[in-house]
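The sequence and its predicted three-dimensional model are supplied below.
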Amino acid sequence: MPPYFATATVVLACCTAGAAAWAGDITLYTRANLGGPAITLHEAVPDLDLQGFNDKTSSVIVHKGTWEVCAEKHYKGQCRILPEGEYAELKGFDNMISSVREVDAKRAKAGAR
């Protein structure tokens, strides 16, 4: 086997392992206390209009990962970082979420300082 095949295999394995570390889940609910219609996302969504969920989120469960939720499309405007947990109410952020994406927890923590 030529040496460049071995290198490509190692690079592919590293990239695949990194992608698996970012496999989070977040569920957005239309009502407080995790009620009403919901949508579960497994990847970034820069525009929740496409899912019919723009400005409709009143509570959230972050099942896995750390997620950034933003008031404007394409991760602009006011944003909040949500680590794993249940958010029965989004005080001051109710019905405002327009985009969501998973973020690296370490970088999110450093940016919050």
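Yep, that arrived. What you are looking at is a predicted structure, and each value in this text was computed from that prediction instead of being measured. Numbers count the residues shown, from 1 in each chain.

drop to CA atoms for contacts and neighbour counts, all remaining ones
Fine.

Distance of the nearest residue to residue 104 once chain neighbours are set aside relative to residue 101?
In this structure, residue 104 finds its nearest non-sequential neighbour in residue 66, 6.7 Å apart by C-alpha to C-alpha, 6 or more residues apart in numbering. Residue 66 is 9 Å from residue 101, where distance means C-alpha to C-alpha, to the nearest Å.

More neighbours: which of these two?
Legend: neighbour count by other C-alpha atoms under 10 Å for residue 66 and residue 101, higher for residue 66 (24 against 21).

Bridged to that one, which residues?
Beta-bridge pairing of residue 66 under DSSP bridges involves residue 103.

Tell me the pLDDT of it.
For residue 66, the model assigns a pLDDT of 97.

quick one: the strands in this structure?
25-31, 35-41, 59-64, 66-72, 76-82, 85-87, 99-103 (DSSP state E).

Was I right to think residue 81 contacts residue 62?
No - using C-alpha atoms under 8 Å, residue 81 is not in contact with residue 62, being 10.6 Å away.

More neighbours: which of the two?
Neighbour count, other C-alpha under 10 Å: between residue 81 and residue 62, residue 62 has more, with 21 against 18.

That one bridge partners, please.
Bridge pairing for residue 62 (DSSP bridges) gives the partners residue 26, residue 85.

Pull the contacting residues for residue 31.
Contact partners of residue 31, counting by C-alpha atoms under 8 Å, 6 or more residues apart in numbering, are 37, 57-59.

low-confidence ranges in the chain?
Across the chain, residues meeting the criterion (pLDDT under 70) sit at 1-22, 107-113.

okay, now residue 92: neighbour count?
Residues lying near residue 92 (other C-alpha under 10 Å) number 7.

For it, give me phi and psi.
Torsion angles at residue 92 (phi, psi; degrees, to the nearest 10) stand at phi 80, psi 0.

measure it to residue 101 for me?
Counting by C-alpha to C-alpha, the gap between residue 92 and residue 101 amounts to 20 Å.

what's the answer for residue 63, then?
13 Å.

and what of residue 76?
12 Å.
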